[in-house]
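# Predicted model, plus sequence, below.
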Amino acid sequence: MRSVTSTDHKVEDNKSDDYSLDRVPRSKRNMGWLSITNITFGIATAIFYFQMGSVMALQFGAINAIISAVYAIIVAGILGTFIAYLSAKSGMNVNLLSRGGGFGYIGASLTSFIYATNFIMYCALEGMILVTAVHAFIPTIPEWVLIIFFGSIVIPLNWFGIKQLDKLQKWSLPLFFIFLIAAIFMATRTPSLYEGNFWSYMPEGVQVGGTALLLCIGMQHGIMGLTPLLASDYARFLKPKDMKIGIFAIGFIPQIFCFGVMGGLGIWFGVRLGEPNPGVYIVLLLGVWGVLFTLLTQVRINVTNIYSGSLSLASFFENIFKFTPGRRFWVVVTGVSAIILMLGGIVNHLQAVMTFQGVFLLTWAAILVTDAVVVKRILKIGPGYYESRQLNLHKWNPVGVGSLIISSGLGTIAALGFLGTFLQSTAAFFAAILASILTVVIAFATKGKYYIKRENKEIDRRDHIA
Ligand SMILES: Nc1nc2[nH]cnc2c(=O)[nH]1
């Protein structure tokens, strides 16, 4: 076992170089941009994105679904690029960046905790997609057996950290493309239920733009904040020499693939086959191979959910309870919590929580980016580096905490529909804008007093962002 100095005390880090509690040292930032982009592809290949495309197209029209996908790519791509830059430059993921990036160390544990619950929920949701597909194919196996089996297999796949994820995602990607091409081929051989070009599909009474487009954008908002934030878990390992191309690749390529390619194919499959549920049409097109395709995509996404969930839990428990059992412990906790959610059957009752999460994630990302670009770089308020050690930090910084609570609180009320239809769909966007403004205003008002308690001269100048 190797020992690294963590926030204030010695923490036993495991052999797999997790750096769940401290910045990745420069000597360990040795992954190429292609490897990192490839890992983030584990998220982008989720069949969840087929479903988004199919549902939006069949309910609100293909063109509206396409416009909303372009919007999602641009907004999430820009946020993702900035966050990848901050992570690669500082060696920190968003849990650690938040400590010195406007939240303080207890404030950052608040974000880590919400973020961790988000991954546990998604892990359960993605797991249930797989369980449902397999159960439909082999109904004799009880669902609870499938839940325990598929919920457990992602735990050992996370044991050896980022290097193992890299290999797993690398080897499974060609298989994914073989399945994808087979599904497209089979769909072209199935007579289309819609006679025109797929992008011209509009359900009766629906127009291009207006409420239908807003509803599509509202659906995209539910998920758009996640990938830009999550990329930071991997971008912190980026080789400094790959920085220029790497941050754009990590920022944009996964978004282009998930919202553009997967979402676009979802529109095409949905319109052609007249079916919104990929769990149904993939199996219809590929039979038992469709079940294997689903297995592949869901395992790929759930290993990333467990990885990020475990890092967030590690950060939360270290901050609040000084409890540092190592990332693997949190891998098991994340996996078992997701299994319990699935067994408890509450996956279908998470709508309000997911709405809050969608607003929270976009708002949090906006605060981190505004804090870096406007507060630290332009206004030169607070230190030009990210501090993660409790000893040097205040517990709370009102800059991020105040902005987040006010904006995501108001945003959630609006997203749940209490402030009218227009704001229901656009809440996350306006909450993110409000959060950015509040970040600057509070930083100015508090003169950056709460960023650090004492200066840290040990941080390499090259890790500074301002
Ligand atoms: N990180 C992440 N992003 C997603 N996008 C759609 N589903 C998921 C998921 O389960 N995890």
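That came through fine.

# Okay, now the unreliable bits of the stretch 201-350 of the chain?
For the stretch 201-350 of the chain, no stretch is flagged by pLDDT under 70.

# give the contact list for the closest residue to I141 other than its chain neighbours.
In space, not counting the residues next to it along the chain, I141 is nearest to H135; the distance is 6.9 Å by C-beta to C-beta, 6 or more residues apart in numbering. Every residue, glycine included, has its C-beta placed from N, CA and C. By C-beta atoms under 8 Å, 6 or more residues apart in numbering, the contact set of H135 is 141, 143, 146.

# ok, H135 to V280 distance?
Distance of H135 to V280, given as C-beta to C-beta, to the nearest Å: 13 Å.

# Enumerate the residues of the stretch 301-450 of the chain near the ligand.
For the stretch 301-450 of the chain, the residues found near the ligand under the criterion C-beta under 6 Å from any ligand atom are 301, 304-305.

# please redo it, this time with the cut-off set to 8 Å
With C-beta under 8 Å from any ligand atom as the criterion, the stretch 301-450 of the chain meets the ligand at residues 301-302, 304-305, 308.

# And the helices in the stretch 351-466 of the chain, which stretches?
351-370, 398-415, 421-446 (DSSP state H, counting those that start in this stretch).

# want to throw those helices into JSON lines with mean neighbour count?
As requested, the helices of the stretch 351-466 of the chain are exported to JSON lines (neighbours: other C-beta atoms under 10 Å):
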{"stretch": "helix 351-370", "mean neighbour count": "23"}
{"stretch": "helix 398-415", "mean neighbour count": "23"}
{"stretch": "helix 421-446", "mean neighbour count": "20"}
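
# okay if I get the ones you listed as a markdown table plus mean pLDDT and distance to I178?
Below are these laid out as a markdown table (pLDDT from 0 to 100; distance: least, C-beta to C-beta, whole Å):
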| stretch | mean pLDDT | distance to I178 |
| --- | --- | --- |
| helix 351-370 | 96 | 32 |
| helix 398-415 | 98 | 39 |
| helix 421-446 | 97 | 36 |
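
# Make CSV from those helices and add distance to G100 to it.
Output for these, formatted as CSV (distance: least, C-beta to C-beta, whole Å):
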stretch, distance to G100
helix 351-370, 11
helix 398-415, 10
helix 421-446, 13
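
# So which of those is nearest G210?
Among the helices of the stretch 351-466 of the chain, helix 421-446 comes nearest to G210, with 10.3 Å by C-beta to C-beta.

# The closest one packs against which elements?
For helix 421-446, the elements it packs on are helix 210-224, helix 351-370, helix 398-415, judged by 3 or more C-beta pairs under 8 Å, 6 or more residues apart in numbering; DSSP states H and E.

# how about those, which one is nearest M243?
Evaluated with C-beta to C-beta, the helices and strands packed on helix 421-446 place helix 351-370 nearest to M243, the distance being 17.0 Å.

# where do the helices sit along the stretch 1-150 of the chain?
Counting by DSSP H, counting those that start in this stretch, the stretch 1-150 of the chain has helices at residues 33-44, 48-60, 62-90, 94-98, 104-137, 143-153.

# so what's L434 up against?
Taking C-beta under 8 Å, 6+ apart as the definition of contact, the neighbours of L434 are 403, 406-407, 410-411.

# Could you rerun that using 6 Å?
S407 (C-beta atoms under 6 Å, 6 or more residues apart in numbering).

# who's in contact with G80?
Going by C-beta under 6 Å, 6+ apart, G80 touches 228, 231, 251.

# can we see that at 10 Å?
For G80, the contacting residues are 40, 73, 224-225, 227-232, 235, 247-248, 250-255, 365, 369, by C-beta atoms under 10 Å, 6 or more residues apart in numbering.

# now swap in S90 and tell me
Going by C-beta under 10 Å, 6+ apart, S90 touches 23-24, 96-97, 100-101, 232, 236, 372, 385-386, 388, 459-460, 462-465.

# Quick check on these: which are buried?
23-24, 96-97, 100-101, 232, 236, 372, 385-386, 388, 459, 463, 465 (16 or more other C-beta atoms under 10 Å).

# what's around the residue of the stretch 51-200 of the chain found nearest the ligand, how many residues?
Among residues of the stretch 51-200 of the chain, the one nearest the ligand by C-beta to the nearest ligand atom turns out to be Y122. It sits 3.3 Å away. Each residue near Y122 was counted by other C-beta atoms under 10 Å, and the total is 25.

# can you check Y201 too?
A total of 23 residues lie near Y201 under the criterion other C-beta under 10 Å.

# Please apply the same query to L419.
For L419, the neighbour count with other C-beta under 10 Å is 14.

# Also F113?
Summarising burial for F113: neighbours were counted as other C-beta under 10 Å, giving 18.

# got it, and L284?
Close neighbours of L284, defined as other C-beta under 10 Å, add up to 17.

# So G196, which state does it fall into?
Going by DSSP: H, G, I helix; E, B strand; the rest coil, the secondary structure assigned to G196 is coil.

# residues in contact with it?
62, 202, 271.

# Which of the residues you listed are buried? Put it as a ChimeraX command.
Selecting just the buried residues from the contacts of G196 in ChimeraX takes one command, with 16+ other C-beta under 10 Å as the test:
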select :62,202,271
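
# Return only those of the contacts of G196 found close to the ligand.
When C-beta under 8 Å from any ligand atom is taken as the criterion, no member of the contacts of G196 contacts the ligand.

# And for the residue of the stretch 151-300 of the chain found nearest the ligand, the neighbour number?
Using C-beta to the nearest ligand atom, the point where the stretch 151-300 of the chain gets nearest to the ligand is L226, with a distance of 4.5 Å. Counted with other C-beta under 10 Å, the neighbours of L226 add up to 22.
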